[in-house]
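J.: Quick check, what structure comes out for this input:
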Amino acid sequence: MIPEKKINFYVEPVEIEIYLKKAGKVRTIIKDLYVELIDVETRNEHSKKIFTYFKDKNEPIDLMEIMNVFPEYMRPIFESYYHNIELYENLSIHLKSAIASSKNALKHSLYFTELLLKYEPTVASTQFIGNFQTYNLNYLIRKLNRMGLKFLLEDSTVGFLIKRRKLAYQDKPRDREFEKLVELWEYNIKGKTI
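T.: Below you'll find the predicted structure:
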């Protein structure tokens, strides 16, 4: 794969056990599963306005910044996120540092985003903001890829990205290698939880 194109993929290592008949041994090899990052579509005029603002600045969507720039969304945002508002405040600090190319802040932002993605969707995200967590996840993965930094996502996040990729490609020709690696990845995950 062309290095520039790799930026738009999350790469998950998949363990594959191979039986070497002549040697009578089992070897484990690692094959990379390339999961394409599927961009988020805005749902309505509210989310289009918010996404456009942050995309024009080439920044992730910061919930705290939305309330500063678009005070009309403060009430629905607070009502939807008040349980985790401290996490969003910490994420905001890390996002600002990540924009300034702090490697640690970039990774922290990614892991906070993974955590907070589990609490979606909310009323604010479905009616006003849009799928900002997935947008941020894609943004941060791409930024880490551009910087050449190594990182791994939680299995649930990888599964989420695979599901989005499958939905986006459901009407296109099958990619048998991708499907086989996903099947092996899923098998390995099941093996971990037993």
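J.: what pairs with the strand or helix carrying Thr28, and is each one parallel or antiparallel?
T.: According to DSSP states H and E, Thr28 maps onto strand 25-36. Strand 25-36 has the following strand partners under DSSP bridges: strand 9-20 (antiparallel).
J.: Tell me the buried residues in the partner strand?
T.: Phe9, Tyr10, Val11, Glu12, Val14 (16 or more other C-beta atoms under 10 Å). C-beta coordinates here come from the backbone N, C-alpha and C atoms, glycine included.
J.: Confidence-wise, which helix or strand of the chain is lowest on average?
T.: The weakest-scoring helix or strand in the chain, judged by mean pLDDT, DSSP states H and E, is helix 3-6 (a mean of 76).
J.: Quick one: low-confidence residue ranges for the chain.
T.: Residue ranges of the chain with pLDDT under 70: 1-4, 192-194.
J.: from the chain's centre, how far out does the strand holding Thr28 sit?
T.: Relative to the mean C-alpha coordinate of its chain, strand 25-36 is positioned 21 Å out (C-alpha atoms, centre = their mean, to the nearest Å).
J.: Give me the contacts around that strand.
T.: By C-beta atoms under 8 Å, 6 or more residues apart in numbering, the residues outside strand 25-36 that reach it are 1, 6, 8-20, 158, 161-162, 165, 168, 178, 181-182, 184-185.
J.: how does it look with 7 Å?
T.: With contacts defined as C-beta atoms under 7 Å, 6 or more residues apart in numbering, strand 25-36 is touched by 1, 8-20, 161-162, 165, 181-182, 185.
J.: buried sites along the following helix or strand past it?
T.: Sequence-wise, the next helix or strand downstream of strand 25-36 (DSSP H and E) is helix 45-56. For helix 45-56, burial by neighbour count (16+ other C-beta under 10 Å) applies to His46, Ser47, Lys49, Ile50, Phe51, Phe54.
J.: same check, this time on stretch 148-155
T.: Neighbour-count burial for stretch 148-155 flags Leu153 (criterion: 16+ other C-beta under 10 Å).
J.: do stretch 89-96 as well
T.: For stretch 89-96, a neighbour-count test (16+ other C-beta under 10 Å) marks Leu91, Ser92, His94, Leu95, Lys96 as buried.
J.: For the closest residue in space to Leu184 that isn't next to it in sequence, list each beta-bridge partner.
T.: Sequence neighbours aside, Val14 is the residue nearest to Leu184 in space, at 5.3 Å (criterion: C-beta to C-beta, 6 or more residues apart in numbering). Under DSSP bridges, the beta-bridge partners of Val14 are Lys31.
J.: quick one: contacts for Val14?
T.: The contact partners of Val14, by C-beta under 7 Å, 6+ apart, come to Ile30, Lys31, Leu33, Leu181, Leu184, Trp185, Asn188.
J.: now those residues: which count as buried?
T.: Buried members of these, scored by 16+ other C-beta under 10 Å, are Leu33, Leu181, Leu184, Trp185.
J.: quick one: contacts for the second one?
T.: Okay, so that is Leu181. Applying C-beta under 7 Å, 6+ apart, we find Leu181 in contact with Val14, Lys31, Leu33.
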